[in-house]
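Engineer: Kindly generate the corresponding structure for this input.
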Amino acid sequence: MDIVFEFIRYSGFANITIGHVFMIVIGGVCIYLGAAKNYEPLLLIPIGFGIIVGNIPFLEEGGLQIGIYEKGSVLNYLYYGVLNGIYPPLIFLGIGAMTDFSALLSNPKLVMLGAAAQMGIFLTFLVAKFLGFSIQEAAAIGIIGGADGPTAIFLSSKLAPHLIGAIAIAAYSYMALVPLIQPPIMKLLTSEKERKIHMKPARQVKKIEKILFPVLGFIATTFISPGALPLLGMFFFGNLLKESGVTERLANAARGPIVDSVTILLGLTVGASTQATTFLTKQSIMIFILGAASFMVATASGVLFAKFMNLFLKKGNKINPLIGAAGVSAVPDSARVVQHVGTEYDKTNYLLMHAMGPNVAGVIGSAVAAGILLAVLG
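Structural biologist: Okay, here's the model as predicted:
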């Protein structure tokens with residue numbers, strides 16, 4: 001009987017709480033959104049299953065070394081890549097190898113839309129500080145507005161590692177919900193006439209421009225924000241592998257097996273870090289609210305700045321303000337949303353390639369913003 005009682009004491013049934021049940025349900029919802037609704041499935045399915053993994057109840061005093069926060073456990077070793085900011089630069093390597101800068105190079109002024117969309121980061125940073133978060137915590141929360149999960153994880157791992165779980169889940173959740181969050185804001189801030197603006201076709205970008213840009217872009221951005229060097233270094237390096245034309249095997253590895261493997265480890269461990277005992281707090285709820293506000297402000301800032309730019313552009317060179325919403329770095333989902341909303345009002349208006357300009361600029365912009373915050377507050 002002693003053995004039976006000991007077995008029961010160690011089982012999940014004896015250690016389960018309402019919090020565990022709630023988080024397991026949340027994990028199931030993430031899997032459902034990824035599998036059934038196709039919302040960022042490569043992220044939400046690993047994160048959702050990770051949430052379930054992290055919330056299987058066990059006796060924490062039992063010395064089993066299985067929890068993600070227990071030294072010596074397998075999950076703890078895998079989580080090392082999150083806590084020490086190893087996984088995000090590797091993901092940036094893959095993103096760089098998948099990125100085409102042609103839209104941005106053909107119309108360089110679109111980089112300003114990527115910069116304008118970062119307004120959500122700094123505004124949320126100030127609000128979070130006002131609400132009582134420490135200045136480092138506020139900076140890590142604000143970066144959610146960039147809609148860039150790896151950047152959010154990288155910055156929070158340096159400034160507020162105890163908030164990584166909540167910040168990562170919030171960032172990836174809003175990335176997945178881009179098709180639901182952005183269109184109402186875009187329609188609210190633009191007129192039907194503005195949504196129907198046709199932009200001039202992009203010029204053909206020369207190969208030499210594509211090769212030089214990752215080198216010169218890296219130097220320029222890291223001189224401004226040296227703190228972003230790990231992210232931007234890997235991002236531009238991955239792009240150089242793609243555009244050089246002579247390292248296709250390396251580019252394929254970066255955008256294929258490497259980024260896929262890291263995405264699995266990142267999603268699973270970030271999800272597993274959301275144990276009910278550490279995740280279900282007032283702070284987590286506030287982070288989700290602030291993250292949503294940050295993302296909405298970032299979307300609105302991009303749209304409004306595009307409208308502002310149009311005040312100084314001649315007829316025929318006007319920007320469709322919808323593409324300003326793509327200034328957040330949810331690549332390529334925000335650009336696809338712009339295309340979808342644009343064709344609602346004019347089926348001949350193809351905005352996808354134009355929207356990719358501010359979209360990739362947003363990736364650079366959020367990394368630069370993270371580097372500045374890290375340098376000042378780290």
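
Engineer: Phi, psi for residue 204 please.
Structural biologist: Here is the backbone geometry of residue 204 (degrees, to the nearest 10): phi -70, psi 120.

Engineer: tell me the mean pLDDT for stretch 322-329?
Structural biologist: Stretch 322-329 shows a mean pLDDT of 92 in the predicted model.

Engineer: Ignore what I typed, I meant stretch 135-154.
Structural biologist: Predicted confidence along stretch 135-154 averages 90 (mean pLDDT).

Engineer: That one: which residues count as buried?
Structural biologist: Within stretch 135-154, the residues scored as buried using 16 or more other C-beta atoms under 10 Å are 136-154. In short, each C-beta sits where N, CA and C put it, glycine included.

Engineer: Please apply the same query to stretch 368-378.
Structural biologist: The neighbour-count criterion (16+ other C-beta under 10 Å) identifies 368-374, 377 as the buried residues of stretch 368-378.

Engineer: And stretch 25-38, by the same measure?
Structural biologist: Counting neighbours by 16+ other C-beta under 10 Å, stretch 25-38 gives 26-27, 30-31, 33-34 as buried.

Engineer: Among those residues, which one sits closest to residue 66?
Structural biologist: Sorting the buried residues of stretch 25-38 by how near they are to residue 66, with C-beta to C-beta, puts residue 27 at the top with 17.3 Å.

Engineer: what helix or strand does the closest one sit in?
Structural biologist: Secondary structure assignment for residue 27, by DSSP states H and E: helix 18-35.

Engineer: Who are the packing partners of that helix?
Structural biologist: Contact here means 3 or more C-beta pairs under 8 Å, 6 or more residues apart in numbering; DSSP states H and E; on that basis helix 18-35 packs against helix 41-54, helix 276-279.

Engineer: give me phi/psi at the residue positioned nearest the centre of the chain?
Structural biologist: With distances taken as C-alpha atoms, centre = their mean, the chain has residue 148 as the residue nearest its mean C-alpha position (1.8 Å). Main-chain torsions, residue 148, degrees, to the nearest 10: phi -130, psi 100.

Engineer: In contact with it, which residues?
Structural biologist: With C-beta atoms under 8 Å, 6 or more residues apart in numbering as the criterion, the residues that contact residue 148 are 171, 175, 328-330, 362-363, 366-367.

Engineer: Can you give me the distance of it to residue 161?
Structural biologist: 18 Å (C-beta to C-beta, to the nearest Å).

Engineer: average model confidence for the lengthiest helix in the chain?
Structural biologist: For the chain, the longest helix by residue count, based on DSSP state H, is helix 282-310. In this model, helix 282-310 has a mean pLDDT of 92.
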